[in-house]
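Engineer: need a structure here:
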Amino acid sequence: MQFQVTIQNTGETFRCGEEGNVLEAMEKARCKGIPVGCRNGGCGACKVRVTEGRYLKRKMSRGVLSAEEEAQGCVLACKAYPQSDLSVNALGRRWQVVTEHRGAPFVFEFTTTAQVSQPDKET
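Structural biologist: Numbering: from 1, shown residues only. Have a look, this model is predicted:
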């Protein structure tokens, strides 16, 4: 059975079977809304918060996903297997870095404080 997964941050949607994990399905669909890391539950790059839907999860590192986060609906996409249509928000480290800097303007400014002296005259 195939389910629809929606990444709310980007509006991307793709299909994922109950035997496949969300991250693999996203990559196969050539979507890029969830950051990709180790693909094995240890780095936390693909952390998402499931806002709608049901899923099964496999073993994940507590170093990157606390029990409190898990209780709030967070899971690593590489270890999440949908059991219904899902809506998720990407929370992984790479997504945060990209979005944190988006609102800040980037400005180049050049100033010079050195004074140019006249070369010595030849005699």
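
Engineer: Tell me where the model's unsure across the chain.
Structural biologist: Confidence mapping of the chain against pLDDT under 70 gives the ranges 93-123.

Engineer: Break down it into its helices, ranges please.
Structural biologist: With DSSP state H as the definition, the chain shows helices at residue ranges 22-28, 67-71, 93-102.

Engineer: what's the residue lying closest to Ser87 once chain neighbours are set aside in contact with, if anything?
Structural biologist: Among residues not flanking Ser87 along the chain, Glu52 sits closest, at 4.1 Å (CB to CB, 6 or more residues apart in numbering). For every residue, glycine as well, the C-beta is placed using N, CA and C. Glu52 makes contact with Asp85, Leu86, Ser87 under the criterion CB atoms under 8 Å, 6 or more residues apart in numbering.

Engineer: Between those residues, which sits nearest Gly37?
Structural biologist: Leu86 (19.7 Å; CB to CB).

Engineer: quick one: Gly53 and Pro82 touch, right?
Structural biologist: Yes: taking contact to mean CB atoms under 8 Å, the distance of 6.5 Å between Gly53 and Pro82 places them in contact.

Engineer: correct me, but Glu12 touches Val22?
Structural biologist: No: contact between Glu12 and Val22 fails when scored by CB under 8 Å: they sit 11.8 Å apart.
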